[in-house]
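K.L.:
Pasting the sequence and the predicted coordinates here, then a few questions.
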Amino acid sequence: MTELICIVCPKGCRLTVDDALRVTGHSCPRGEAYGKEEARHPVRVVTSTVRIEGGGHRRCPVKTNGKIPKGLIFEAMKTLDAVCLKAPVEIGQVAVNNVCGTGVDFITTNEISGTQEFFVPC
């Protein structure tokens, strides 16, 4: 038996999912679907930052453009340690392609211009 707090809506229902994937405690159909999926195959969108050089900031925010298995999050984060982007960076630019073989990419979520002001090399 698995106990979860639903994150689909602001209610935060306390769900219980048994071995037969029967969900109790949900107040809407989305909660039931979330409970089943979370018990069967938990996935997450991952957000983080990567180093950047040649811009006005030291870090550039990134996120996965899809969900990856929860068990691969730490491995996915390790791939970001070796990434150093070069400014300028556009929103939606791919920072890491095919994260951990999932077919999901890390993409940039902010535009960073190519100014040399405050430049700190990677």
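P.N.:
In hand now; what should we look at?
K.L.:
low-scoring stretches of the chain, by residue?
P.N.:
115-122 (pLDDT under 70).
K.L.:
how about the residue nearest to Val89 when sequence neighbours are not counted, what does it touch?
P.N.:
Nearest non-adjacent residue to Val89, counting by CB to CB, 6 or more residues apart in numbering: Ile112, 4.5 Å away. Using the backbone N, CA and C atoms, a C-beta is placed for each residue, glycine as well. Contact analysis of Ile112 by CB atoms under 8 Å, 6 or more residues apart in numbering lists Ile52, Gly55, Gly56, His57, Cys60, Ala87, Pro88, Val89.
K.L.:
Save these as a markdown table, and put in secondary structure and distance to Lys67 too.
P.N.:
As requested, the contacts of Ile112 are exported to a markdown table (DSSP: H, G, I helix; E, B strand; the rest coil; distance: CB to CB, whole Å):
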| residue | secondary structure | distance to Lys67 |
| --- | --- | --- |
| Ile52 | strand | 25 |
| Gly55 | coil | 29 |
| Gly56 | coil | 31 |
| His57 | coil | 27 |
| Cys60 | strand | 21 |
| Ala87 | coil | 29 |
| Pro88 | coil | 29 |
| Val89 | strand | 23 |
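K.L.:
So which of the residues you listed wins on neighbours?
P.N.:
Ile52 (25 neighbours; other CB atoms under 10 Å).
K.L.:
okay but that one is in contact with Cys60, surely?
P.N.:
Yes - between Ile52 and Cys60 there is a contact at 4.3 Å, judged by CB atoms under 8 Å.
K.L.:
So for these two, which residues contact both of them?
P.N.:
Leu85, Val89, Ile112.
K.L.:
isn't the first one right up against Cys60?
P.N.:
Spelled out, that is Leu85. Yes - in this structure Leu85 lies within contact range of Cys60 using CB under 8 Å: 5.6 Å.
K.L.:
Please, where are all the helices along this structure?
P.N.:
Using DSSP state H, the helices of the chain run over residues 29-40, 73-81.
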